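> Take a look and give me a structure for this.
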Amino acid sequence: MLSLAACAWLLAGLHDEAWWQAMPSAARRYAAAGSVLAYVGLVGWFLHRARARDRATQPTTTAGHDALWVVHASQTGFAMELADMTADSLRHGGVTVQRAGLEHLDAARLQGITKAVFVISTTGEGDPPDPALGFVRQVMSQSLPLTGLQYAVLALGDREYEQFCAFGHQVDDWLRRQGAQPMFDLVEVDNADDSALRHWQHHIGQLGNGDEAPDWAAPRYESWRLRDRVELNPGSLGGPAYHLSLAPEDGTLPAWTAGDIAEIGPRHAAGDVEDFLRLIDVQGATQVRWQDEMQALDAVLARSHWPDRDAIAVPVDAQALANACTPLPHREYSIASVPADGALHLLVRLMQRADGTPGLGSGWLCRHARPEDDIALRVRRNPNFHPPADDTPMILIGNGTGLAGLRAHLKARARAGATRNWLLFGERQRAHDFFHADELLAWQAQGTLEHLDLTFSRDGGEQRYVQHALLAQAERLRQWVDGGAAIYVCGSLAGMAPEVDAALRTVLGDELIEDLRSSGRYRRDVY
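This is a model prediction of the structure:
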């Protein structure tokens, strides 16, 4: 190009007049030259921004060994954006975070990571994003010892494509086969569905110190009423557990499927709000604008985190106070009923913080809300825990309030006349913690429950936990799985879920467990 330019310059000197009849004017030549220079400058600026963004996603060499890695594989930038939001939520919870693009992880670096969350896009018909192709060829083509890695995957996709979230599932499957341990099950997101993203944020919030970060997108709640609340385990060594019955304010129940989730918008106790208003000497009825609508200040305070008292200027401006409030994050509970019951049932344990105060969601539902109080609630589909076909045998395993999700499945199975059901349930004391005992025993007597195995850890005996009962019934487990049974697990992520998974692998083997997962015959709803 330089040689051609030199030749053109030399030849141009031979012309003392216009080259051709329609020769552009000098002004137009200058304008064209300026346009070319502007174009070159714009391209250079884009290249600079792209390189800066690439440098921002490269891992640093100073990250501590205990850092939690947030890794993204992005085609359009959405996964990168969600990875940034995930990292911010983790930092809010006191977690040391290291950010990186998947393309910057090689085998050696991956083997040195102990905790990671992956935000993975799928492009086209199940393909990896372009930047991740090197990782697929160079790392996922190997077998690596990753038993020291705990991980989670957020899979982004579009259900209009047949291979929905395919690359996210490929990453998840590959990590499992290398011995990595999932901190919780893969979360699928269809077209940036905000409810699925809140579900992911809910799980991410469990990895920190418990500080509450606002939801990334506010749920669109509906107004429900608390109809009934009954403590199921008075006198228990564990925390009190309650059965709650709720109904929509307009009386029309939405449709839901066994396995679906209720998202609750918690609130502070009315007495706590009144005490805070009295302390700052502001009237609760004062109207303020919050979330794009006029509301009473006390209603805003009931549904939000308050600024620190020392940070509030005196005299207090009600609108400034409202501006400083951030919405309380939602809480998720497995639905324990089916629509045919005429109400939405929950099974909730009252949690206690380190200072002895009740938990945010459970405190509202089990302690502060009064009968007929308004409950902000929305039903969220949870297709990963939806039931199998009625003719498929079901093995249901759970502990504590995890019985809620399993109860909904059993109710649906009873209505369908499906009787190949086996429940393994564990709690502390049979005398106090055998939740819904009359109902379960009646199902057993009627044949809806073919087998019922119970374990109570504080009552003694060899089979203290559900995983022990599972191991004791190894032969029956093999027979049921060989007969096409699906395994559904619901309950605590810490303790029960990994122990049950280990017991299943002991009896059935890793390869069969992975095949069951891939075919949808091994599903979990753990928290």
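> Which elements pack onto the strand or helix carrying L321?
In this assignment (DSSP states H and E), L321 forms part of helix 318-323. Counting contacts by 3 or more C-beta pairs under 8 Å, 6 or more residues apart in numbering; DSSP states H and E, helix 318-323 is packed against strand 287-290, helix 297-302. From N, CA and C alone the C-beta is placed, and that goes for glycine too.
> contact partners of the longest one?
Right, the one you point to is helix 297-302. 267-268, 270, 273-274, 276-277, 282-288, 290, 318, 321-322, 325 (C-beta atoms under 8 Å, 6 or more residues apart in numbering).
> So which elements touch whichever helix or strand comes after that helix?
Following helix 297-302 in sequence order, the next helix or strand is strand 304-305 (DSSP H and E). Helices and strands touching strand 304-305, by 3+ C-beta pairs under 8 Å, 6+ apart, are strand 326-327.
> So in that sheet, which strands flank the strand it packs on, and in what orientation?
strand 304-305 (antiparallel) (DSSP bridges).
> what is the mean pLDDT for the strand it pairs with?
In this model, strand 304-305 has a mean pLDDT of 90.
> repeat for stretch 405-422
For stretch 405-422, mean pLDDT rounds to 97.
> Tell me the buried residues in the helix holding L321?
By 16 or more other C-beta atoms under 10 Å, the buried positions in helix 318-323 come out as A318, L321, A322.
> now, which of the residues you listed sits nearest A32?
A32 has its nearest neighbour among those in A322, at 56.4 Å by C-beta to C-beta.
> any idea how far the closest one is from Q287?
The gap separating A322 from Q287 is 10 Å, by C-beta to C-beta, to the nearest Å.
> Quick one: low-confidence residue ranges for the stretch 351-500 of the chain.
Residue ranges of the stretch 351-500 of the chain with pLDDT under 70: 463.
> Same check on the chain?
Short version for the chain, where the test is pLDDT under 70: 13-27, 29, 45, 47-65, 212, 463.
> out of all of them, which strand in it is the longest?
strand 222-231 (DSSP state E).
> immediately after that one, which helix or strand?
Following strand 222-231 in sequence, per DSSP H and E, is strand 241-248.
> and that next one, which residues are buried?
In strand 241-248, counting by 16+ other C-beta under 10 Å, buried: A241, Y242, H243, L244, S245, L246, A247, P248.
> Let me have those in TSV, extended by distance to G93.
Formatted as TSV, those follow (distance: C-beta to C-beta, whole Å):
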residue	distance to G93
A241	26
Y242	27
H243	31
L244	28
S245	33
L246	30
A247	35
P248	34
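> which one of those residues sits closest to D310?
Nearest to D310 among the buried residues of strand 241-248: Y242, at 36.1 Å, using C-beta to C-beta.
> rewinding a little: which other helices and strands does the longest strand of the chain contact?
Helices and strands touching strand 222-231, by 3+ C-beta pairs under 8 Å, 6+ apart, are strand 241-248, strand 374-380.
> need those in CSV with distance to D106, can you?
What follows is the helices and strands packed on strand 222-231, written out as CSV (distance: least, C-beta to C-beta, whole Å):
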stretch, distance to D106
strand 241-248, 48
strand 374-380, 38
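> between these, which one is nearest to A100?
Nearest of the helices and strands packed on strand 222-231 (C-beta to C-beta): strand 374-380, 30.7 Å.
> For the closest one, give me every contacting residue.
Contacts to strand 374-380, defined as C-beta under 8 Å, 6+ apart, come from residues 195, 199, 219-226, 246, 249, 254, 256, 260-265, 267, 303, 332, 335, 344, 365, 369.
> quick revisit: buried deepest among the helices and strands packed on helix 318-323, which one?
Most buried of the helices and strands packed on helix 318-323 by mean neighbour count (mean count of other C-beta atoms under 10 Å) is helix 297-302; its value is a mean of 20.
> Reformat the helices and strands packed on helix 318-323 as TSV; add distance to A5.
Listed next are the helices and strands packed on helix 318-323 as TSV, based on distance: least, C-beta to C-beta, whole Å:
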stretch	distance to A5
strand 287-290	63
helix 297-302	68
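> who's in contact with the residue nearest the centre of the chain?
Geometric centre of the chain, nearest residue: W200, 1.9 Å, by C-alpha atoms, centre = their mean. Contacts for W200 were tallied using C-beta under 8 Å, 6+ apart; they are T86, L154, V187, V189.
> I'd say the first one and V119 touch.
Yes - with contacts defined as C-beta atoms under 8 Å, T86 counts as touching V119 at a distance of 6.4 Å.
> Same drill for these two, tell me which one is more crowded.
V119 (29 against 25; other C-beta atoms under 10 Å).
> Please, which helix or strand holds the more buried one?
For V119, the host element (DSSP H and E) is strand 115-121.
> partners of that strand in the sheet?
Using DSSP bridges, the strands paired with strand 115-121 are strand 68-73 (parallel), strand 150-157 (parallel).
> Return the set of buried residues in the helix or strand encompassing R517.
Counting by DSSP H and E, the element that carries R517 is helix 510-518. By 16+ other C-beta under 10 Å, the buried positions in helix 510-518 come out as L512, I513, L516, R517.
> what's that helix packed up against?
Packing partners of helix 510-518 (3+ C-beta pairs under 8 Å, 6+ apart): helix 166-177, helix 496-508.
> okay, the angle between it and helix 166-177?
Between helix 510-518 and helix 166-177, the angle comes out at 160 degrees (axes from the mean of the first three to the mean of the last three C-alpha atoms, to 10 degrees).
> C-terminal to helix 510-518, what's the next element?
Using DSSP H and E, the helix or strand that follows helix 510-518 towards the C-terminus is strand 522-526.
> Next, the angle helix 496-508 makes with that following strand.
Using the same axes, to 10 degrees: strand 522-526 against helix 496-508 is 160 degrees.
> How about residues contacting strand 522-526?
With contacts defined as C-beta under 8 Å, 6+ apart, strand 522-526 is touched by 184-185, 259, 334, 382, 384-385, 402, 405, 486-493, 496-497, 504, 513, 516.
> Can you say which of those are buried?
Neighbour-count burial (16+ other C-beta under 10 Å) applied to these gives 184-185, 259, 334, 382, 385, 402, 405, 486-493, 496-497, 504, 513, 516.
> Take those residues and keep only those in strands.
Per DSSP E, those map to strands at S334, A486, I487, Y488, V489, C490, G491.
> picking that back up, joint contacts of T86 and V119?
Contact criterion C-beta under 8 Å, 6+ apart; residues bridging T86 and V119 by contacting each: V70, L154.
> returning to that earlier point: list of residues touching the helix holding L321?
I280, V282, Q283, T286, V288, R289, W290, L297, V300, P307, I312, A313.
> dump the residue contacts of the last one.
Listed by C-beta under 8 Å, 6+ apart, the contact set of A313 reads A320.
> Phi, psi for it please.
Here is the backbone geometry of A313 (degrees, to the nearest 10): phi -70, psi 150.
> Between the contacts of helix 318-323, which sits nearest F78?
W290 (28.6 Å).
> my read: that closest one touches A324, true?
No - between W290 and A324 there is no contact under C-beta under 8 Å: 10.6 Å.
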